[in-house]
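Trainee: The following comprises the amino acid sequence and a computationally predicted model.
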Amino acid sequence: MKTILRGTLTIMIFAATVLLPLTEANAQTPKIRIEGAWDVILSDKDEPFKLHYTFAAGKTVNEGTVIFSTEVDAGPGVICTPSLGAWKRISANQFLATSKTTCNEKGFVFTIKTFDSFTVNDANSAFTGTTTFIGFNQDNEVIFSEEADLHGTLLFVSPAPLFAQIPDATLIKKEAPRRYRKQ
């Protein structure tokens, strides 16, 4: 009887040690994931402009790093580095991100810190939220701040279209930068 009980107990302990990590991993893997590349529209009081966010995984599925850049300079004569930072999940589909960039405007160097808060949709293909930009001079004094809305769309891998399927392909050949023109 002791042998049967000991054998049953051994099997239960073995099963628990093998299966428990699997159920914990499944329970900890969220349905909504932020990792990937996103096209983001920033809308403020001025004209909307495009950003490109890339979220990478971190130590856990609830944190990671973020890099973003813009399609335009911060202003005439202003050159900025890509923004680098971190993101954190605060609920199933809500995230916070904080990042920092350094800019140079004709010798005046300043830092912009960005604070994003956004919610990813259930399809895991888009997000909406807000951002706050705060600019600091080299003495760490606030020189500007601005709030704006964010609307992001996840980029998916897709095959390149055939050239003949691109609308007005002949017009594109003539107006493209020299290196892309067909001679």
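Mentor: Nice, thanks for sending it over.

Trainee: where's residue 112 relative to residue 104, distance?
Mentor: With the distance defined as C-beta to C-beta, to the nearest Å, residue 112 ends up 12 Å from residue 104. C-beta: built from backbone N, CA, C; applies to glycine.

Trainee: Now for those two: what residues contact both?
Mentor: residue 80 (C-beta atoms under 8 Å, 6 or more residues apart in numbering).

Trainee: between the two, which one's more packed in?
Mentor: residue 112 (21 against 14; other C-beta atoms under 10 Å).

Trainee: Check the spacing between the closest residue to residue 71 other than its chain neighbours and residue 86 real quick.
Mentor: Excluding its sequence neighbours, the residue lying closest to residue 71 (C-beta to C-beta, 6 or more residues apart in numbering) is residue 50, at 4.5 Å. From residue 50 across to residue 86, the span is 22 Å (C-beta to C-beta).

Trainee: more neighbours, these two?
Mentor: Taking other C-beta under 10 Å, residue 50 and residue 86 do not tie; residue 86 has more neighbours (16 against 12).

Trainee: Hmm, residue 67 and that one touching each other?
Mentor: No - counting by C-beta atoms under 8 Å, residue 86 does not reach residue 67; the two are 10.6 Å apart.

Trainee: Need the overlap of contacts for the two.
Mentor: With C-beta under 8 Å, 6+ apart as the test, residue 86 and residue 67 both reach residue 99.

Trainee: That's all I had, so thanks and see you.
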